[in-house]
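*Asks:* structure for the following, please:
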Amino acid sequence: MAVVLRLRAAVAAGILAGLQPAAAGAESVVQRGLSAPSPALGRALRYDLYKPAVAPARGERWPVLYLLHGGNPGESDWVDTGGLASSMDRAIAAGEMPPTVVVMPYAGDSWYVDNPDPGGAGLMKTALTRDLVRAVDASLPTAACRQARAVAGLSTGGYGALLFAFDQPREYGAAVSFSGSISPLMGPQMKARLKRAQRLYDGAFGVPFKSARFNAWNLFPKASRLGYGGAPRPTVFLSAGDRDLGGAIQGATDLHLALLRNGADSTLRIVGGKHDWALWRKELGPALAWLGPRLDPSCGAAMAAAPKADDALNAAKQSVSVSGPAPANPAAEP
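*Replies:* Residues are numbered from 1 along each chain as shown. Reported below is the predicted structural model:
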């Protein structure tokens, strides 16, 4: 295990060593009010962008974190209230994160699903996972691979982040959910839940609410199918407060156990706090420290080029046998 950890550290050091040092006085940049064309929506997507001070070296690329908001207002929440820029600056300076682009899109009250209904939010999931990703990769020197692409969000955005990663594990290597809206399947006998659902889901699953549609977008069946057909499983970070809103702790805990049963890499944190920015600001730092080592802007090339753990162990064994005392030779004894 120590050999594997040292190899991973060496790979990470090699990746970071290839980055251009920041020029004197260079600072990270937050750009607001950007837009990307979206054929899925038939209109432009709005988003904010964080760019690190450290530019990629020639031939290198930035990893990307897509960071989703919860209920309205929208895409600037993470910058204005969540302290995103300062948290990213600290994590990068401490070596916990590689210099990483953060994309914060506006999704309204869509719940991050595709909703083709008249008057609905439109094909938001397709717009964000296809159109926005294409636009970002075309406009910035980003590493366009799952190893270097992650998605995170809070509340409804926490649900959206997990939905994107579960549905498209070949596109997103990691997902982070802060106080995610994670709910179990809904049956016709659940009268109280069905009644609350009519006003809770903003029409994202039909008007009137349709439980079959809700269940088709539910995370639990998707978690149980991760890995089917040889698809990779995303790594997952789940966080909730001990005084969080309705079912956040239960949903995160149940999903964590479902992921573990499926063989997925899942981390669960239940910490002091309620459903507010004090909790999410506090949890952003640990989430970034968790995410950083899981981002590989070389898209697997650096790990493939590193010596394998078995090779290192064999080399260590050979080194011990050579440097140890010479074995006895019975034929040479009188």
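
*Asks:* helix, strand, or coil at Asp254?
*Replies:* helix (DSSP: H, G, I helix; E, B strand; the rest coil).

*Asks:* so it sits against Pro184, correct?
*Replies:* Yes - look at Asp254 against Pro184 with CB atoms under 8 Å: they come within range, at 7.0 Å. C-beta here means a position set from N, CA and C on the backbone, and glycine is covered the same way.

*Asks:* so what pLDDT did Ala24 get?
*Replies:* pLDDT recorded at Ala24 is 49.

*Asks:* next, count neighbours for the closest residue to Ser183 other than its chain neighbours.
*Replies:* Closest residue to Ser183 in three dimensions, ignoring its sequence neighbours and counting by CB to CB, 6 or more residues apart in numbering: Gly251, at 5.9 Å. Residues lying near Gly251 (other CB atoms under 10 Å) number 24.

*Asks:* same check, this time on Arg269
*Replies:* Using other CB under 10 Å, Arg269 has 16 neighbouring residues.

*Asks:* please report how far the residue lying closest to Gly42 once chain neighbours are set aside lies from Val79.
*Replies:* Nearest non-adjacent residue to Gly42, counting by CB to CB, 6+ apart: Gly122, 7.4 Å away. Between Gly122 and Val79 the distance is 25 Å, computed by CB to CB, to the nearest Å.

*Asks:* re the thing from before, how about the residue nearest to Ser183, secondary structure?
*Replies:* Here Gly251 is recorded as helix under three-state DSSP.

*Asks:* quick check, it in contact with Ile182.
*Replies:* Yes - between Gly251 and Ile182 a contact is recorded at 3.1 Å, counting by CB under 8 Å.

*Asks:* quick check: bridge partners of Leu45?
*Replies:* Under DSSP bridges, the beta-bridge partners of Leu45 are Ala36.

*Asks:* dump the residue contacts of it.
*Replies:* Applying CB atoms under 8 Å, 6 or more residues apart in numbering, we find Leu45 in contact with 35-38, 105-106, 127-128, 131-132, 135.

*Asks:* which of the residues you listed fall in helices?
*Replies:* If you go by DSSP state H, these have Ala135 in helices.

*Asks:* and the residue nearest to Gly42, its phi and psi?
*Replies:* When read as degrees, to the nearest 10, the backbone of Gly122 gives phi 90, psi -170.

*Asks:* how many neighbouring residues does it have?
*Replies:* Other residues within reach of Gly122, judged by other CB under 10 Å, total 19.

*Asks:* check what pLDDT it gets.
*Replies:* 98.

*Asks:* check contacts around the spatially most central residue of the chain.
*Replies:* Nearest to the mean C-alpha position of the chain, by CA atoms, centre = their mean, lies Ala175 at 2.8 Å. Residues counted as contacts of Ala175 (CB under 8 Å, 6+ apart) are 150-152, 161-162, 164-166, 234-237.

*Asks:* among the contacts of Leu45, the buried ones, what's the PyMOL command?
*Replies:* Listed next is the PyMOL selection for buried residues among the contacts of Leu45, using 16 or more other CB atoms under 10 Å:
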select buried, resi 36+38+105+106+127+128+131+132+135
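
*Asks:* adding pLDDT and distance to Arg46, write the contacts of Leu45 out as CSV.
*Replies:* Formatted as CSV, the contacts of Leu45 follow (pLDDT from 0 to 100; distance: CB to CB, whole Å):
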residue, pLDDT, distance to Arg46
Ser35, 98, 6
Ala36, 98, 8
Pro37, 98, 12
Ser38, 98, 10
Pro105, 98, 7
Tyr106, 98, 4
Ala127, 98, 11
Leu128, 98, 11
Asp131, 98, 12
Leu132, 98, 10
Ala135, 98, 12
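
*Asks:* columns distance to Pro63 on top of the contacts of Leu45, output as CSV?
*Replies:* Output for the contacts of Leu45, formatted as CSV (distance: CB to CB, whole Å):
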residue, distance to Pro63
Ser35, 23
Ala36, 19
Pro37, 24
Ser38, 23
Pro105, 17
Tyr106, 22
Ala127, 22
Leu128, 18
Asp131, 20
Leu132, 16
Ala135, 17
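
*Asks:* tell me which of the contacts of Leu45 is nearest to Met88?
*Replies:* The shortest separation between Met88 and any of those is 16.8 Å, and it belongs to Pro105 (by CB to CB).

*Asks:* any idea what that closest one is bridged to?
*Replies:* Note on Pro105: beta-bridge partners Tyr47, judged by DSSP bridges.

*Asks:* pretty sure it contacts Leu128?
*Replies:* Yes - taking contacts as CB under 8 Å, Pro105 lies within contact range of Leu128: 5.7 Å.

*Asks:* need the overlap of contacts for those two.
*Replies:* Contact with both Pro105 and Leu128 is made by residues 45, 66, according to CB under 8 Å, 6+ apart.

*Asks:* now the strands for this protein?
*Replies:* For the chain, the strands defined by DSSP state E occupy 29-38, 43-51, 64-68, 101-105, 114-115, 122-123, 149-154, 174-178, 235-243, 266-274.

*Asks:* flag the shaky bits of the chain, pLDDT-wise.
*Replies:* For the chain, the stretches with pLDDT under 70 are 1-25, 306-334.
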